[in-house]
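K.L.:
here is my input; please provide its structure:
(one chain, ligands or ions: 2)
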Amino acid sequence: QEILVDVKNIKKYFPIKGGVLKRTIGHLKAVDDVSFTIRKGETLGIVGESGSGKSTLGRVILRLLEPTDGQVIFNDVDISYLSQRKIRPQREDMQIIFQDPFASLNSKMSVGQLVEEPLIVQGKMSKEERKKRVIEIIEKVGLRADDRQKYPHEFSGGQRQRISIARALVIHPKFVICDEPVSALDVSIQAQVLNLMKDLQDDLGLTYLFIAHDLSVVKHISDRVAVMYLGRFVEIAPKQALYTNALHPYTQALLSSIPVIDLNEESNHKQRKIALTGDLPSPANPPSGCTFRTRCPQAHDRCAIERPELIELETDHFVACHLYSEE
Ligand code: SF4
Ligand code: MG
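P.N.:
Ligands and ions are numbered 1, 2, ... in the order given. Model (predicted):
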């Protein structure tokens with residue numbers, strides 16, 4: 001299968017300033033050496049607690065942020081360090097949908113104006129063509145053509161998320177980063193929006209990177225799922241393998257704390273109850289060795305000394321944990 005997004009050893013460090021001279025005294029390693037690919041038409045879910053670096057990673061892939069090191073190859077073009085001007089042709093193929101649609105939608109613009117804006121920026125269509133396209137996409141996301149006259153505040157949270165989906169898809173992108181798009185919505189509405197996103201994907205041949213903070217949301221929509229902890233992937237696997245045979249103690253803990261909502265059928269695996277204790281350590285001062293060791297029920301001596309690398313244990317199933325690697 002063709003690869004659309006190829007992320008190679010991406011690092012994103014933010015300087016920490018200190019002292020009277022405000023000199024750089026350290027680095028917050030928000031993303032610390034992450035590699036993966038996304039195939040055309042697939043959905044890769046990325047799950048992590050807030051502070052795990054998942055949103056930063058999304059922004060680096062879209063080149064809203066420049067990486068500190070590593071490469072992002074999008075559609076066979078290395079966009080890692082391109083100028084914003086040179087990146088424009090690729091940018092039109094990538095879009096992002098954010099968590100809080102109300103915050104990300106300008107309340108002074110009507111729905112029609114909001115959805116039309118990316119087309120105006122793109123500058124390829126006449127006014128007539130734009131109007132036709134706006135109506136087409138608004139209907140495609142399940143709103144009505146007359147809704148164009150209304151303002152975002154007149155809509156419910158779920159409908160507002162439909163507006164931001166229309167705005168993201170109006171210019172026919174190939175790749176969409178969904179950054180917690182349903183986290184602010186009621187559970188019943190979440191399922192509707194997720195179903196819509198899945199239908200749109202099938203219909204339009206979209207590729208998704210779907211960011212979430214718990215495993216229940218990405219289960220429905222993902223083909224593969226990556227689990228992120230303090231800037232690194234600790235496990236990545238095809239969905240079925242991850243949900244039935246999680247290998248990393250962190251993934252196992254996340255799975256055992258999945259809330260009741262379950263949108264999928266094939267989920268009657270035995271769950272070991274593992275409580276996740278303690279807070280996420282600061283990414284500015286992560287533990288030595290395995291960064292999960294301060295919360296890991298299976299931590300042993302080696303974990304404090306040596307950082308576990310991601311290794312492929314079964315086909316397409318990677319894990320970074322000393323329980324599975326020889327000393
Ligand atoms: Fe736990 Fe050690 Fe594995 Fe880290 S490497 S997850 S501390 S067992
Ligand atoms: Mg986030």
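K.L.:
going forward, measure contacts and count neighbours with C-alpha atoms only.
P.N.:
Noted.
K.L.:
near ligand 1, which residues of the stretch 151-300 of the chain?
P.N.:
Neighbours of ligand 1 within the stretch 151-300 of the chain, by Cα under 6 Å from any ligand atom: 248-249, 290, 292-293, 296, 298-300.
K.L.:
and if we set it to 5 Å?
P.N.:
Proximity of the stretch 151-300 of the chain to ligand 1 is confined to 290, 293, 296, 298-299 under the rule Cα under 5 Å from any ligand atom.
K.L.:
out of those residues, which is most surrounded?
P.N.:
Counting neighbours by other Cα atoms under 10 Å, the top entry in these is residue 290, with 22 neighbours.
K.L.:
secondary structure class for the residue nearest to the spatial centre of the chain?
P.N.:
Closest residue to the average C-alpha location of the chain: residue 211 at 2.6 Å, with Cα atoms, centre = their mean. Judged by DSSP: H, G, I helix; E, B strand; the rest coil, the three-state class of residue 211 is strand.
K.L.:
now it: how far from ligand 1?
P.N.:
22 Å (Cα to the nearest ligand atom, to the nearest Å).
K.L.:
give me the pLDDT for that residue.
P.N.:
Per-residue pLDDT puts residue 211 at 96.
K.L.:
and the lengthiest helix in the chain, what's buried?
P.N.:
Under DSSP state H, the helix in the chain containing the largest number of residues is helix 187-204. By 16 or more other Cα atoms under 10 Å, the buried positions in helix 187-204 come out as 189-191, 193-194, 196-198, 200-201.
K.L.:
chain neighbours aside, what residue packs nearest to residue 51?
P.N.:
For residue 51, the nearest residue in space outside its immediate sequence neighbours is residue 230; the separation is 6.9 Å by Cα to Cα, 6 or more residues apart in numbering.
K.L.:
for the one you found, which residues are in contact?
P.N.:
Listed by Cα atoms under 8 Å, 6 or more residues apart in numbering, the contact partners of residue 230 are 30-31, 51-53, 280-281, 283, 286, 291.
K.L.:
and which of the residues you listed is nearest ligand 1?
P.N.:
Proximity of these to ligand 1 (Cα to the nearest ligand atom) peaks at residue 291, which lies at 6.7 Å.
K.L.:
residue ranges of the strands in the protein, please?
P.N.:
Counting by DSSP state E, the chain forms strands over residues 3-18, 23-39, 43-47, 69-74, 77-78, 94-97, 175-179, 207-212, 224-229, 232-238, 311-314, 317-319, given from the N-terminal end onward.
K.L.:
tilt between the first one and strand 175-179?
P.N.:
Just to be clear, that refers to strand 3-18. Comparing the axes of strand 3-18 and strand 175-179 via axes from the mean of the first three to the mean of the last three Cα atoms, to 10 degrees yields an angle of 40 degrees.
K.L.:
just want the angle from strand 3-18 to strand 69-74.
P.N.:
150 degrees.
K.L.:
which two among the residues of the stretch 151-300 of the chain next to ligand 1 are spaced furthest apart?
P.N.:
Using Cα to Cα, these span at most 11.5 Å, a distance reached by 290 and 298.
K.L.:
run through the bridge partners of residue 227.
P.N.:
Residues in a beta bridge with residue 227, per DSSP bridges, are residue 47, residue 235.
K.L.:
before we move on, the earlier item: show me what the residue nearest to the centre of the chain is bridged to.
P.N.:
Listed beta-bridge partners, residue 211: residue 46, residue 179 (assigned using DSSP bridges).
K.L.:
that one contacts residue 54, correct?
P.N.:
Yes. Here residue 211 reaches residue 54: they are 6.8 Å apart, a contact under Cα atoms under 8 Å.
K.L.:
and the closest residue to residue 145 other than its chain neighbours, how many neighbours does it have?
P.N.:
Counting by Cα to Cα, 6+ apart, the nearest residue to residue 145 once its immediate chain neighbours are dropped is residue 135, at 5.5 Å. Residue 135 has 21 neighbouring residues, counting by other Cα under 10 Å.
K.L.:
and residue 280, by the same measure?
P.N.:
When neighbours are defined as other Cα under 10 Å, residue 280 has 18 of them.
K.L.:
now it: how far from residue 53?
P.N.:
For residue 280, the distance to residue 53 (Cα to Cα, to the nearest Å) stands at 12 Å.
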